[in-house]
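> How does the following fold in three dimensions:
(one chain, ligands or ions: 1)
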Amino acid sequence: MKKILLLFLITSSLYSQSEYPQDYFRNPLDITLVLSGTFAELRSAHFHAGLDIKTQRKQGLKVYSAAEGYVSRIKISHYGYGKALYITHPNGYTTVYAHLQRFSDRLEKYIKECQYEKETFEVEVFPSNEELLIAPDEVIAYSGNTGGSGGPHLHFEIRDNQERPINPMLFGIDIKDTKQPFVSAVYAYPKDENAVINGKNERVPLRLIPKQNGDYEVEKITAYGNIGFGITSYDKQDLAPNNNGVSNIETFFNGNKSLEIDFKRFSFSETKHIKRLIDYDYFKTKKSRIQKLFIEKNNPLSLYKDAFDNGYIIVEDSTSSVFKIRIRDFKGNETLINIPIKGKYEVPEPKTIDYLNKTTILSNKPTELKSGLVTVNFYKNTVYEDVDIDFNVSSDTLHLHKDNIPLQKKFYINYDLSNYKSEHLDKVFIARLYGYYKRPSYVRTKRKGNILSAGCKTLGTYALAMDTVAPRIKPVNFKDKKWLSKYRYLKVKIDDDLSGISKYRATVNGKWILMEYDYKTNMLIHDFNDNIVKDTKNNLKIIVTDNVGNSSTFEATFFRK
Ligand SMILES: [Zn+2]
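Have a look, this model is predicted:
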């Protein structure tokens, strides 16, 4: 047994050696790699494109270039990757470093020049292959928590020359992992209305019985017809308690391979279709992801291999069969699930789903819904398959089902305000109503005459909301008419009640100053080391505007010498 495993490890490493250069890329930090996220791990609306490397709960760790090359892109954004650096290497691969606190002095100087020239904090530049050369082992940045990061860490990616992210571990970047993946749930699904699982024609939870060796047995099920399975599984590595993603899943029906899902590489163009891999309805109601081990129609994901009958099986009457699931992590640790199936012909109880106001959205044709002052447009291929949804409009509230049906792209809501009475028509916007208290949240709203329109990614309840209150601006570490000679930073807090902050601009004696905005702390921060503030007497002016155009101005005088 040991020998077979060893042989497997040798052949699999030879295989990867031939495809991806080994030991070319180094660990981008000088600490042992511990991950809080693995490659292709399932996230809210995408597969994770890299490794999330823990930085000992600190920011400011030195980040090294994984190999020599040149800086091919620098992007700074409020959300997403925050401060991100892209280095392209002579072998054609590009490494990506995200959520950075700041860049190395040389790169920081380069990007600040761009920011001061464009007078924005958010920038994206593509330096030529001669501008910013990077030596092996060069410190390129310091780790941080910028953008959509939920705690200090380094997000590290390796992309091929077609911008496809690849698991960095395939390049020999090693993380200690001797633990096998684990499974928290197994489900069976009927493919059509004739299939039955334990007497039912719906998603059925199966009883998992953990075995001593880490594998699982499932309590025998009775079934008939076309069925598929789904699992919730994670992998823990040795040095961290985080539940990370697995690397490969294979299924077998009576010993014959049924389906393989492999998470080695994907394209950014397909990442949104994660909604088709997971049971979206279950995820939205239970906050946990079941990966479906069968392929429904209109599923363009490239992660599937060897799909026989799209991963579904056919169970016949009076048969006895076995469905097996094998889950592997990247290091080849594996877990088996054994599902015994007794074939038994049954007629399922008929299902009755009755919505109050049922409307059908077609997948291969556009659908327009109209009621009162609202028009909703679903273009072709917005839904993966034809679906029945609940639709009604009362006053300005649009009930558009609930967010349990996955969408491939946005649909569009239009409100015609020609006969809508409001004192501040120009401050009205389209809001999504969230949760039990129906809290309104701004949806990017376009205005054309009396028509408000918005592109939306999720079904749910929408309504009109109004914001007439301008943003607040509050100094944090200084007061008007103070001396700030010894200060390194100028800090201001900004926020807005309803529609949210759209833009801000800060000047000192009429000259634009860079203020970095962190939406997580509502903080605007200027670094005096930018060397822009040189006068003794300084008039600071900050203008902040919200998403419907209300704006506030803050002014103060400070002194420096
Ligand atoms: Zn990440």
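> how many other residues sit next to the closest residue to the ion within the stretch 451-561 of the chain?
Going by CB to the ion, the ion is nearest to residue 520 of the stretch 451-561 of the chain, at 15.8 Å. C-beta coordinates here come from the backbone N, C-alpha and C atoms, glycine included. If you count neighbours by other CB atoms under 10 Å, residue 520 ends up with 13.
> Contacts only, for it.
Contacts for residue 520 were tallied using CB atoms under 8 Å, 6 or more residues apart in numbering; there are none.
> Tell me, what's the model's pLDDT at it?
pLDDT for residue 520: 95.
> State the distance from whichever residue of the chain sits closest to the ion to residue 557.
Going by CB to the ion, the ion is nearest to residue 155 of the chain, at 3.5 Å. Plainly put, residue 155 is 41 Å away from residue 557 if you go by CB to CB, to the nearest Å.
> Got phi/psi on the residue of the stretch 451-561 of the chain closest to the ion?
Backbone torsions of residue 520, given as degrees, to the nearest 10, read phi -70, psi -30.
> which bits of this protein sit near the ion?
52, 155 (CB under 5 Å from the ion).
> Which SSE is immediately downstream of the least confident helix or strand in the chain by mean pLDDT?
None of the helices or strands of the chain scores lower by mean pLDDT, DSSP states H and E than helix 2-19, at a mean of 48. Counting by DSSP states H and E, the element after helix 2-19 in chain order, helix or strand, is strand 35-37.
> Can you give me the buried ones in the helix or strand harbouring residue 545?
For residue 545, the host element (DSSP H and E) is strand 537-546. By neighbour count with 16 or more other CB atoms under 10 Å, strand 537-546 contains the buried residues 538, 540, 542-546.
> Need those residues in a markdown table (columns: pLDDT and distance to residue 381).
A markdown table is the format used below for those (pLDDT from 0 to 100; distance: CB to CB, whole Å):
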| residue | pLDDT | distance to residue 381 |
| --- | --- | --- |
| 538 | 97 | 55 |
| 540 | 98 | 51 |
| 542 | 98 | 45 |
| 543 | 98 | 42 |
| 544 | 98 | 39 |
| 545 | 98 | 36 |
| 546 | 97 | 34 |
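> before we move on, back to that, okay, now the sheet partners of the strand holding residue 545, with direction.
strand 501-508 (antiparallel), strand 551-559 (antiparallel) (DSSP bridges).
> most tightly surrounded among these?
Across the strands paired with strand 537-546, averaging neighbours per residue (mean count of other CB atoms under 10 Å) puts strand 501-508 on top, at a mean of 17.
> which residues are in contact with that strand?
With CB under 8 Å, 6+ apart, strand 501-508 has contacts from 119, 471, 492, 494-495, 512-513, 515, 517, 519, 524, 526, 532-533, 535, 538-547.
> ok so, going back, find the helix or strand that the residue of the chain closest to the ion is a member of.
Here residue 155 sits within strand 153-159, counting by DSSP H and E.
> which other residues reach that strand?
Residues outside strand 153-159 that contact it (CB under 8 Å, 6+ apart): 25, 28-29, 36-37, 49-55, 61, 63, 66, 81, 93-100, 143, 145, 149, 165-166, 168, 171.
> same deal with stretch 436-451?
For stretch 436-451, the surrounding residues in contact (CB under 8 Å, 6+ apart) are 413-418, 420, 426, 429-434, 452-456, 461-463, 465, 467, 498-500, 547-548.
> Keep only those of the residues you listed that are in strands.
413-416, 429-434, 452-456, 461-463, 465 (DSSP state E).
> Buried only: go through those for me.
Those of the ones in strands among the contacts of stretch 436-451 that meet the buried threshold are 413-415, 429-433, 452-454, 456, 461-463, 465, by 16+ other CB under 10 Å.
> Please, where are all the helices along the stretch 51-200 of the chain?
105-118 (DSSP state H, counting those that start in this stretch).
> so where's it uncertain?
For the stretch 51-200 of the chain, not a single residue meets the criterion pLDDT under 70.
> Show me the strands in it, by range?
Under the criterion DSSP state E, counting those that start in this stretch, strands of the stretch 51-200 of the chain are mapped to 51-54, 62-64, 69-76, 83-88, 94-100, 102-103, 123-125, 133-134, 139-142, 153-159, 165-166, 182-190, 196-197.
> Quick one: those as JSON lines, columns for mean neighbour count and distance to residue 111 too.
Compiled in JSON lines, the strands of the stretch 51-200 of the chain are given as follows (neighbours: other CB atoms under 10 Å; distance: least, CB to CB, whole Å):
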{"stretch": "strand 51-54", "mean neighbour count": "24", "distance to residue 111": "23"}
{"stretch": "strand 62-64", "mean neighbour count": "19", "distance to residue 111": "15"}
{"stretch": "strand 69-76", "mean neighbour count": "20", "distance to residue 111": "5"}
{"stretch": "strand 83-88", "mean neighbour count": "22", "distance to residue 111": "9"}
{"stretch": "strand 94-100", "mean neighbour count": "24", "distance to residue 111": "11"}
{"stretch": "strand 102-103", "mean neighbour count": "21", "distance to residue 111": "6"}
{"stretch": "strand 123-125", "mean neighbour count": "15", "distance to residue 111": "7"}
{"stretch": "strand 133-134", "mean neighbour count": "18", "distance to residue 111": "14"}
{"stretch": "strand 139-142", "mean neighbour count": "21", "distance to residue 111": "11"}
{"stretch": "strand 153-159", "mean neighbour count": "24", "distance to residue 111": "18"}
{"stretch": "strand 165-166", "mean neighbour count": "22", "distance to residue 111": "23"}
{"stretch": "strand 182-190", "mean neighbour count": "20", "distance to residue 111": "43"}
{"stretch": "strand 196-197", "mean neighbour count": "24", "distance to residue 111": "57"}
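> To residue 302, which of the ones you listed lies closest?
Smallest distance to residue 302 across the strands of the stretch 51-200 of the chain (CB to CB): 12.3 Å, for strand 165-166.
> Between the two ends of stretch 391-400, what distance do you get?
Taking CA to CA, to the nearest Å, stretch 391-400 runs 5 Å from one end to the other.
> no no, stretch 370-381
End to end - CA to CA - stretch 370-381 spans 19 Å.
> From here on, call the first residue 673.
Happy to do that; since the first residue is 673 now, the last one works out to stretch 1042-1053.
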